[in-house]
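here is the input, now give the coordinates:
(2 chains)
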Protein chains: 2
Amino acid sequence: MSTPSPELLAALDLRDDQYSTTEADRDDHSRDWATAPREAVAPDVVVWPESTGDVSAVLAAATEHGVPVTPFAAATGLEGNAVPVHGGVSLDMTRMDSVLEIRPEDRQIDVEPGLLGSEINEALERYGLFFPPLPTSGDIATIGGMLATNASGKQTVKYGKVGDWVMELEVVLADGSVVEVGTRATKTSSGYNLRDLIVGSEGTLAVVTRATLALAGRPEQQRAGRVVFDSFETAATAAADIVRSGVDVAALELIDSLAAAMANAYLDGTLPEKPMAFLEFHANHGVDEEIDFCRTILDRYDPLDVEFGDGSAQDDLWEARRELADATRAYYSDRESTAPGDLAVPLSRYPDLVEYIHALSDERDLPIPCFGHAGDGNIHFDVFADPADEEEWARGVETYETIVREAVRMGGTATGEHGVGRGKRKFMLDEHGESGVRAMRAIKDALDPDGILNPGKILPDVADGR
Amino acid sequence: MSTPSPELLAALDLRDDQYSTTEADRDDHSRDWATAPREAVAPDVVVWPESTGDVSAVLAAATEHGVPVTPFAAATGLEGNAVPVHGGVSLDMTRMDSVLEIRPEDRQIDVEPGLLGSEINEALERYGLFFPPLPTSGDIATIGGMLATNASGKQTVKYGKVGDWVMELEVVLADGSVVEVGTRATKTSSGYNLRDLIVGSEGTLAVVTRATLALAGRPEQQRAGRVVFDSFETAATAAADIVRSGVDVAALELIDSLAAAMANAYLDGTLPEKPMAFLEFHANHGVDEEIDFCRTILDRYDPLDVEFGDGSAQDDLWEARRELADATRAYYSDRESTAPGDLAVPLSRYPDLVEYIHALSDERDLPIPCFGHAGDGNIHFDVFADPADEEEWARGVETYETIVREAVRMGGTATGEHGVGRGKRKFMLDEHGESGVRAMRAIKDALDPDGILNPGKILPDVADGR
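Coordinates of the predicted model:
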């Protein structure tokens, strides 16, 4: 379809300012953070729901009229997760952005999906609580998007993923029915775990309209450190050793020398252009003992430099780490990233994966900066190639895919935290096998028989084109 | 059906000692730990698979011939989870009980489902590792059963549930296809989370044939304590306060005075017959500071007695706690438990729930001992009534159901760790609503269209009798 179905719009009881078909609004909703212009697809209509009832009405009408609905919010995704590749409705959730209730006595907060991650922590500040698994992009990404991809962040090594902190969700299914999944109790064994099925399903099974999140107390002690290594492989081996040894580390990030150079260029910074680890420690007492324990492990790897300070003294480091996604993209004038790499492998294979990527970079003569959440065995990388040079671009794409498939062979995953979107669908059969993908498709068909929810994502195409 | 289908058995390439139709074997597989004789249902045939291939062959043949298959192992379930209520095959997993591989460098172990929980920890001892979420019944229950119900235990307050420590599962679907779900990487955002859908599904969606579990390092310091209170409500309020305050407690159990008397009677013990909290602390350093922190909170509640010792000094306490399930059942000669209670509510409601139960016990004139994992807001209770006294028994059943429904109204769950089985199906609509149950049924039908896997469990009956 190229124009919004008049029947669909007529079926919705929306005010004039709750939908738009202007080219500007449609264009705004045609891409996410990493979408190349050639890959953008505009929706036919943008709808801004303001309540669960609005979402329910849109989905019920969309199912009735066979119109695709793609949830949208901050557009910080990297895999086209929010791009409405089959047109239809872009369901912009950003007006549903309230903190509904804070229950400090249960360490729980109820929020709407359009709220920014950082706004959760702002609301919690006076209670001495925080939401630990926020991704690095937490100040520009919404909680709805984080739920959609089961996002994670620098503190995941200690605290786990976003999904680990979700207690209850109010969701709207494709037919418009509203369901509460999960529980506000700490644990449950009651029926199928629909909550963790919907987390990470990228809006293809349901639309989240409210989330009850678990919280943690802010640690009384917080320290951070930086360690410079001679080689990235040594840094990766040290990182794996730290985690394996049971050091209570709250963040353990690595960047390689090329990524450090890119951060310096972007931020006019003065980081050493060497492989580095950034570390953070959270505790209510005894943080120095934990750092001492960490140092004894680091010493085995002859680091070039080790610095520990209080949390705030390391702000420049974390700024560099936060800006890396932008910094890498800005570095070359003639080269682009073929696709954002987001692998996770078992910790013992992390040094092997790093070595494999660097060897391939040399062999294929393409720059591949690497950085990531080493504590989780998660690595981000970009293969940079010139899109105007057909042979080089093809070589870049092939190199990228070779690396992803090697990580899957190592027992890892094609995406540690960004989700599949449309970009990583090509790896789903490698990772999950035919029977695994078939089981996923059966679940999709059971919950969304007409295929209206974010079609063209996660599952690879089959003959019927869905 | 009352006899095993000859076609089914002929279709299976099993040795003679891999199946049985003797009355003794069928009777052994007709009940679990809490099944009353009147509720036992024998299978038509017991099959002992010895490999993933065997399981696959049984399920494929069962789907082809429309024969129910109910997984079975240690029969320690409390809700009839393993009772083959529609006859057919009892799939006894106890021969698949190997430790397949230990990868200390990744803190992972691969096990078969028939392995006892305690055997996991025995295999890990020399690596300084352990599997933290084992239930109290870990020395008699299998890991397969724990996965089936998403079990948890006394250390769940610190370490989480069994499901939180599952990385990858090899499972066989109803059609016999073998799928690996999850990943050996620390995290993934790749496709639908089939792993956590299958955990807790009680063998109704798939049969687990291999599990990769995450492990933790054994803590260097371990201390335990016992606190005696004047009232159970005060104990419950103190427990909620300890958790809310962020004390790093590794176990926090409560028992009321009636449960203490029952433990004494069963074990010829000398526990004070007062409401008590048992606590445990795990740390690599600073355990005394944590206990001091805990004591400052306890002091607010004027405990009658506070004792802390090393871990082993508290063994008698933990023995009493472990034996409580048996002790409560042995206490009355003329009364039985109407059903095993296993509620979990948000922590702030825990004292209210305890008060509600005790008030109802007085009002209905029925003994209701309470104990449980207070740190998780989880309470076990039994309403004791005389099954020979029709009025009293009916009053007991009604009292039990009233309590469960009140916990659900408090934002809690009908089962914190035992699962639904057939016993708690009657609460599924209360807890999940019609749309929630409908979504669960859609998933069941998608993955097991012929309804052969453990029929009659979890989902309430519908018109078609499934």
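
ok, now how distant is A:Ala394 from A:Leu366?
11 Å (CB to CB, to the nearest Å). Every C-beta, even on glycine, is put in place using the N, C-alpha and C of the backbone.

ok, these two, which is more surrounded?
A:Leu366 (20 against 12; other CB atoms under 10 Å in any protein chain shown).

A strand includes A:Lys426, no?
No: counting by DSSP: H, G, I helix; E, B strand; the rest coil, A:Lys426 is located in no strand; its state is helix.

and the nearest residue to it once chain neighbours are set aside, helix, strand or coil?
Distance criterion CB to CB, 6 or more residues apart in numbering or on different chains; nearest residue to A:Lys426, sequence neighbours excluded, is A:Pro460 at 6.9 Å. Taken by three-state DSSP, the conformation at A:Pro460 corresponds to coil.

show me the contacts for A:Pro460.
Going by CB atoms under 8 Å, 6 or more residues apart in numbering or on different chains, A:Pro460 touches A:Arg425, A:Lys426, A:Met428, A:Leu429, A:Val437.

just those now: which is nearest chain B?
Chain B has its nearest neighbour among the contacts of A:Pro460 in A:Met428, at 6.0 Å by CB to the nearest CB.

I figured that closest one hits A:Val437, correct?
Yes: the criterion here is CB atoms under 8 Å, and A:Met428 meets it with A:Val437 at 5.6 Å.

joint contacts of these two?
The contact sets of A:Met428 and A:Val437 overlap at A:Leu459, A:Pro460, B:Gly191 (CB under 8 Å, 6+ apart).

distance to A:Leu78 and pLDDT added to those residues, as TSV?
Shown next, in TSV, are these (distance: CB to CB, whole Å; pLDDT from 0 to 100):
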residue	distance to A:Leu78	pLDDT
A:Leu459	19	97
A:Pro460	19	93
B:Gly191	16	98
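
can you give me the helices in the stretch 101-250 of chain A?
With helices called from DSSP state H, counting those that start in this stretch, the stretch 101-250 of chain A shows them at A:117-124, A:143-149, A:156-159, A:194-198, A:232-244.

strands paired with whichever helix or strand comes after the longest one, and their directions?
If you walk from helix A:232-244 toward the C-terminus, the next helix or strand you reach (DSSP states H and E) is strand A:251-255. Looking at strand A:251-255 with DSSP bridges, its paired strands and their directions are strand A:276-283 (antiparallel), strand A:370-372 (antiparallel).

most neighbours per residue, which of the ones you listed?
strand A:370-372 (a mean of 28; mean count of other CB atoms under 10 Å in any protein chain shown).

pull the distance from that one to the chain's centre.
How far strand A:370-372 lies from its chain's middle: 15 Å, per CA atoms, centre = their mean, to the nearest Å.

what do you get for stretch A:453-461?
18 Å.

same thing with stretch A:161-176?
16 Å.

and the strands paired with strand A:251-255 as TSV, adding distance to B:Glu122 and mean pLDDT?
Listed next are those as TSV, based on distance: least, CB to CB, whole Å; pLDDT from 0 to 100:
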stretch	distance to B:Glu122	mean pLDDT
strand A:276-283	32	94
strand A:370-372	36	94
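
so which of these comes closest to B:Glu79?
strand A:276-283 (39.4 Å; CB to CB).

any idea which of the helices of the stretch 101-250 of chain A gets closest to B:Ala148?
Minimum separation from B:Ala148 across the helices of the stretch 101-250 of chain A (CB to CB) falls at helix A:194-198, 16.2 Å.

kindly provide the whole-number mean pLDDT of the closest one.
In this model, helix A:194-198 has a mean pLDDT of 98.

give me the distance between the nearest residue to A:Ala75 once chain neighbours are set aside and A:Ala141.
Of all residues not flanking A:Ala75 in the chain, A:Asp32 sits nearest, at 4.6 Å (CB to CB, 6+ apart). Using CB to CB, A:Asp32 is found at 11 Å from A:Ala141.

mind listing the shared neighbours of these two?
Shared contacts of A:Asp32 and A:Ala141 (CB under 8 Å, 6+ apart): A:Thr76.

what is the helix or strand hosting A:Ala407 packed up against?
A:Ala407 belongs to helix A:390-409 when elements are defined using DSSP H and E. In this structure, helix A:390-409 packs against strand A:341-344, helix A:350-364, strand A:384-385, helix A:428-447, with contacts taken as 3 or more CB pairs under 8 Å, 6 or more residues apart in numbering or on different chains; DSSP states H and E.

can you put the ones you listed in JSON lines and add mean neighbour count and mean pLDDT?
Shown next, in JSON lines, are the helices and strands packed on helix A:390-409 (neighbours: other CB atoms under 10 Å in any protein chain shown; pLDDT from 0 to 100):
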{"stretch": "strand A:341-344", "mean neighbour count": "26", "mean pLDDT": "98"}
{"stretch": "helix A:350-364", "mean neighbour count": "18", "mean pLDDT": "97"}
{"stretch": "strand A:384-385", "mean neighbour count": "24", "mean pLDDT": "98"}
{"stretch": "helix A:428-447", "mean neighbour count": "19", "mean pLDDT": "97"}
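
in terms of pLDDT, where does A:Leu14 sit?
pLDDT, read off for A:Leu14, is 89.

over to the one 3 residues further on?
A:Asp17 is assigned a pLDDT of 95 by the prediction.

the most centrally placed residue in chain A: what's it in contact with?
In chain A, the centroid-proximal residue (CA atoms, centre = their mean) is A:His418; its distance is 3.4 Å. A:His418 makes contact with A:Gly77, A:Leu78, A:Glu79, A:Thr149, A:Ala151, A:Pro340, A:Asp342, A:Lys424, B:Ser189, according to CB under 8 Å, 6+ apart.

do you know how far A:Tyr350 is from A:Leu173?
Per CB to CB, A:Tyr350 is found 39 Å from A:Leu173.

swap in A:Leu78?
Note on A:Leu78: its distance to A:Leu173, by CB to CB, is 27 Å.

with A:Asp196 instead?
From A:Asp196 to A:Leu173 the distance is 16 Å (CB to CB).

for chain A, name the helix or strand with the lowest mean pLDDT.
helix A:6-11 (a mean of 75; mean pLDDT, DSSP states H and E).

which parts of that helix are buried?
A:Leu8, A:Leu9, A:Ala11 (16 or more other CB atoms under 10 Å in any protein chain shown).

coming back round to it: got a markdown table for the helices and strands packed on helix A:390-409, with distance to chain B too?
As requested, these are exported to a markdown table (distance: least, CB to the nearest CB, whole Å):
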| stretch | distance to chain B |
| --- | --- |
| strand A:341-344 | 4 |
| helix A:350-364 | 10 |
| strand A:384-385 | 24 |
| helix A:428-447 | 4 |
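
now do the same contact list for A:Gly117.
So A:Gly117 contacts A:Phe131, A:Leu134, A:Pro135, A:Ser137, A:Gly138, A:Asp139, A:Ala141, A:Thr142, A:Ile143, A:Met146 (CB under 8 Å, 6+ apart).

with adjacent residues omitted, what lies nearest to it?
Nearest residue to A:Gly117 in three dimensions, chain neighbours excluded: A:Gly138, at 3.3 Å (CB to CB, 6+ apart).

neighbours of that neighbour, how many?
A:Gly138 has 24 neighbouring residues, counting by other CB under 10 Å.

distance of it from B:Pro133?
A:Gly138 is 29 Å from B:Pro133, by CB to CB.
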